[in-house]
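Novice: What would the 3D arrangement of this be:
(one chain, ligands or ions: 1)
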Amino acid sequence: MSAKMIDGRAFAEMLREQVSLEVARLKENHGITPGLAVILVGQNPASQIYVRNKGIQTKAAGMASFEHRLPDTARQADVIALIERLNADPTVHGILVQLPLPGHMNTEAIINAVDPSKDVDGFHISNVGLLSTGQKAMVPCTPLGCLLLLRDHHGSLTGLNAVIVGRSNIVGKPMAQLLITADCTVTIAHSRTRDLPELCRRADILIAAVGRPGMVKPDWIKPGATVIDVGINRIEEASRSRLVGDVDPNAAQTAGAITPVPGGVGPMTIACLLANTLTACCRTHGLREPDGLAA
Ligand SMILES: Nc1nc2c(c(=O)[nH]1)N[C@@H](CN(C=O)c1ccc(C(=O)N[C@@H](CCC(=O)O)C(=O)O)cc1)CN2
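Specialist: Residues are numbered from 1 along each chain as shown. Modelled structure (predicted):
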C-alpha cells in the first residue's frame, strides 16, 4: 500500500490565510501592522530565492516587509549595527538573518544580537533556553511547521516513539524539544549512531533532517509510520537541477504517511515565519495571541 501524502503546500496556504485574517483584524481593531525585517548577506542563490519569497508572502499577508541586502564583503560589525537599529525600530516586530552567513562571520554572535522578542527564527540563545525548559518561546520555523503537520495528521502525539535523524540547532534539537513537550518518546540520531536502520524501524514518527539525498531507505521504516522529510537537496541531473529529500521516495511503499519534497515541510517554513511574526507582534503589544499558530 502507498502512504498518504501530507500536503504541506496546502496546509501552508491555509496557515497563511489564517495569518492574513488575523493581520487584518489587528489593523482594524488596534491600528497595528506587523513588520518583518529580513537581512541577507551575500549572493547565495538559494538564499536569494528564499528571501524574495519571504518578502512576497509577508506583503501578501498584509504585513510590512523590510528587506536589507548587504554584500558578502560586509563586516560582522555592519550586520550587528543594522540589527541594533532594527531592534530599536517599533515598526519591526520580527527580525530574521538569512542563513548561511558568509564564512568570515560568527553566526552565533549575529543571531544573539537580535532582540529575543523579535527573534522570529527562534535561534537566539534565550529562546533556545526557553524552549528547552518548556517555557513560552519563539519556536524555529521548520520544526514548528513539522509539529503542525504531525498534529494535524495524528491529533494527539502522546506516547509515540519519535526518532529524529539529524542534530542541528535549526531543526534536530528544537524538533526534539517540541516532541518531548508533546509527550513523545524522543531519540536523536546522527551520523555516528550505531545501527541507524534498526533504530529508525522502531519509530512511529521518523524525522529526517540530515541533508543527505535519499539516505533513509524504505526498509528503515516501520510499516505504517509517519515520515517527515526535512531534506531540501538540490541535485544536478542531465544538466537539470532537481530537489530531493533525505528519504528515498520508495519509502512511500512502507510508510503510513509521508511528506513529499518539494511540497511538504519546505512551504511550512515561510508560513510559520509569518505566524511567528504575528505572534511576536501580539506579544510586544500585550494582545491575545491567535489560536493554533504557535507551538
Ligand atoms: N534564518 C533562516 N535561514 C534558513 C532557514 C530558516 O528557517 N531561517 N531555513 C532554510 C531555508 N528556508 C528558509 O529560509 C526555506 C527552505 C525551503 C523552503 C521551501 O519552500 N521549499 C520548497 C521548494 C522551494 C524550491 O524550489 O527551492 C519545498 O520544499 O517545497 C522555504 C524556505 C535555510 N536557511
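Novice: Can you tell me how far the nearest residue to Pro140 once chain neighbours are set aside is from the ligand?
Specialist: Spatial nearest neighbour of Pro140, excluding adjacent residues (Cβ to Cβ, 6 or more residues apart in numbering): Gly122 at 4.1 Å. (C-beta placed from N, C-alpha, C; glycine too.) Distance, Gly122 to the ligand, using Cβ to the nearest ligand atom, to the nearest Å: 9 Å.
Novice: Please shift the residue numbers so they start at 755 in all later answers.
Specialist: Sure, I'll start numbering at 755, so the last one becomes Gly876.
Novice: What pLDDT does the model give the residue lying closest to Pro1016 once chain neighbours are set aside?
Specialist: Distances taken as Cβ to Cβ, 6+ apart put Leu997 closest to Pro1016, at 5.0 Å, once the chain neighbours are dropped. Per-residue pLDDT puts Leu997 at 96.
Novice: Specify the beta-bridge partners of Leu997.
Specialist: Leu997 has these beta-bridge partners by DSSP bridges: Arg988.
Novice: Give me the neighbour count for Cys900.
Specialist: If you count neighbours by other Cβ atoms under 10 Å, Cys900 ends up with 31.
Novice: got the phi/psi numbers for it?
Specialist: Phi and psi for Cys900, reported as degrees, to the nearest 10, are phi -60, psi -40.
Novice: do the same with Ile934
Specialist: Backbone torsions for Ile934, taken as degrees, to the nearest 10, come to phi -60, psi -50.
Novice: how about the closest residue to it other than its chain neighbours, secondary structure?
Specialist: Nearest residue to Ile934 in three dimensions, chain neighbours excluded: Val940, at 5.3 Å (Cβ to Cβ, 6+ apart). Of the three states, Val940 takes strand under DSSP: H, G, I helix; E, B strand; the rest coil.
Novice: pretty sure Val940 is touching Gly913, no?
Specialist: No: applying Cβ atoms under 8 Å as the test, Val940 and Gly913 come out as separate, 11.7 Å apart.
Novice: More neighbours: the two, which one.
Specialist: Per other Cβ under 10 Å, whichever of Val940 and Gly913 has more neighbours is Val940, with 21 against 9.
Novice: what does the stretch 805-954 of the chain put close to the ligand?
Specialist: Within the stretch 805-954 of the chain, the positions near the ligand by Cβ under 6 Å from any ligand atom are 850-853, 875, 895-896.
Novice: Helices of the stretch 855-1004 of the chain, start to end?
Specialist: Taking DSSP state H, counting those that start in this stretch as the test, the helices found in the stretch 855-1004 of the chain are 861-865, 879-886, 895-908, 926-935, 950-954.
Novice: Can you tell me what sits against the last one?
Specialist: Where contact means Cβ atoms under 8 Å, 6 or more residues apart in numbering, the residues beyond helix 950-954 that reach it are 917, 919, 941, 943, 947, 960, 970-971, 973-976.
Novice: Perfect, I'm done here.
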